[in-house]
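Participant: sequence and predicted structure below; questions after.
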Amino acid sequence: MLGTMTSLRRSITRSDVLVTLAGVAFAVFFGISVSADEGAPWLFTPVLVLVPVTLLWRRVAPIGALCGLIAAIGLSIALFGTYTRCGLVFPIEFFLLFAAGARLGWRGATLGWLLGVAAACLTLGWDASAPLDEAGVYICVLLTGVWVIARLVHMRGRNVERLQEQTLALRDARDDRARMEVAMDRARLSADLDELLQRRLGELATLAERGASQEGAEATATLLDIEHGSRRTLEEMRAVVGVLRSADETDSMAPQPTLTHLEAMLLRAKGAEARLTVDGSPRALPAGVELSAYRIVEHLLDALDDAPDVNVTVGFGPDALDITVSGPAARRGVAATAIERARERAALHSGTLQAETRGGRAEAIAHLPIAMA
């Protein structure tokens, strides 16, 4: 609220127009009353209307509005001489003087006060009901009081603006400090990640050197230790890297999906009527193979249309994992892109993928070798 009272407007607002219209209506009523009581000519009222019109610029250009007020008063006096005008002029003048004192700097406000006093003296010099020698002192005191109140409002508004600027500066400083703390934490976590990798890789290298001289069951046990150590290292790396992610990244920090998540993914993608069949002896596979198998099924499901007769078969062989996905084919362009992505995934593990479409139904078979100890 103080901002609207103490700052200049760039344009005339609707409230300015409404205030001006109210002033014009009052001027018409006042002019008609003066014409009836004092015998002023009928043109007195239209000229008197120019006085409240200056309210239109009270917030855009207070000094210009006061100059316009003096001009309107002078024109009325030049044309019609001594008549009662103070009942209309002084309320308008109070509005304009308050606007100048509340919205302008010290020099502008002082100029506004001088113009207000000049307008009051000009009005009282040719006023029939309140001559200058009788009412001049009282009116000047009232104008000065209005001006002082306006200056207090102006100073309060400036203080509020300064406090808002200081608040924004403190907020920016707090945000900068928070960003610096985050950067320091990220640097510390990066160092922790480097230390973790060096330690874990050293442990895995030691296990590999020991396993190189072993055979049979001992070598198998060492390889299992290497696999478990690799999984643990991967999980710890993902935890640290997850913290290092910037705030705008929304990728999940949960562990990578495995074959045990296929049923849930199939339910989400194709509904409750899609079928998952597991053949062979299910067992834990290397993390990379399980992730690629999950992604292959995900891509192949994208190549199928949404229909209830979608079948996914996962076969655990002694040295390979076979995946078969079949169902109604999607549009050719979409299906081709999805199958190509699945084929690239299979190639990462020296695997193969064969796909064919017949009678509107697509079937793909992926073969992923499993390195055995």
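Facilitator: Now that the structure is in, tell me what you want to look at. Numbers count the residues shown, from 1 in each chain.
Participant: from now on I want contacts and neighbour counts done on CA atoms only, so please keep to that.
Facilitator: OK.
Participant: any chance you could map the strands in this protein?
Facilitator: 275-280, 311-316, 320-328, 352-358, 361-369 (DSSP state E).
Participant: what does the second one contact?
Facilitator: For strand 311-316, the surrounding residues in contact (CA atoms under 8 Å, 6 or more residues apart in numbering) are 274-283, 297, 321-327.
Participant: that one pairs with which strands, and in what direction?
Facilitator: When pairing is defined by DSSP bridges, strand 311-316 lines up against strand 275-280 (parallel), strand 320-328 (antiparallel).
Participant: want to throw the ones you listed into a markdown table with mean neighbour count?
Facilitator: Converted to a markdown table, those look like this (neighbours: other CA atoms under 10 Å):
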| stretch | mean neighbour count |
| --- | --- |
| strand 275-280 | 13 |
| strand 320-328 | 21 |
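Participant: so how far is Pro328 from Ala269?
Facilitator: Separation of Ala269 from Pro328 (CA to CA, to the nearest Å): 14 Å.
Participant: hang on, Leu266 packs against Glu273?
Facilitator: No: with contact defined as CA atoms under 8 Å, Leu266 does not count as touching Glu273 (9.6 Å).
Participant: quick one, which of the two is more surrounded?
Facilitator: Set side by side, Leu266 and Glu273 show more neighbours around Leu266, with 21 against 13, by other CA atoms under 10 Å.
Participant: need the contact list for that one.
Facilitator: Contacts for Leu266 (CA under 8 Å, 6+ apart) come out as Ala274, Leu276.
Participant: list the contacts for the spatially closest residue to Glu263 that is not a sequence neighbour?
Facilitator: Nearest non-adjacent residue to Glu263, counting by CA to CA, 6 or more residues apart in numbering: Leu276, 6.6 Å away. Contacts here follow CA under 8 Å, 6+ apart; on that basis Leu276 touches Glu263, Leu266, Asn311, Val312, Thr313, Val314.
Participant: what count of nearby residues applies to the fourth one?
Facilitator: Looking back up the chat, that one is Val312. 24.
Participant: gap between it and Thr277?
Facilitator: Val312 sits 6 Å away from Thr277, taking CA to CA as the criterion.
Participant: what helices and strands are in contact with the longest helix along the chain?
Facilitator: Across the chain, the longest stretch assigned as helix under DSSP state H is helix 132-212. Packing contacts for helix 132-212, counted by 3 or more CA pairs under 8 Å, 6 or more residues apart in numbering; DSSP states H and E, involve helix 2-6, helix 86-103, helix 106-125, helix 216-244.
Participant: right, I'll leave it there.
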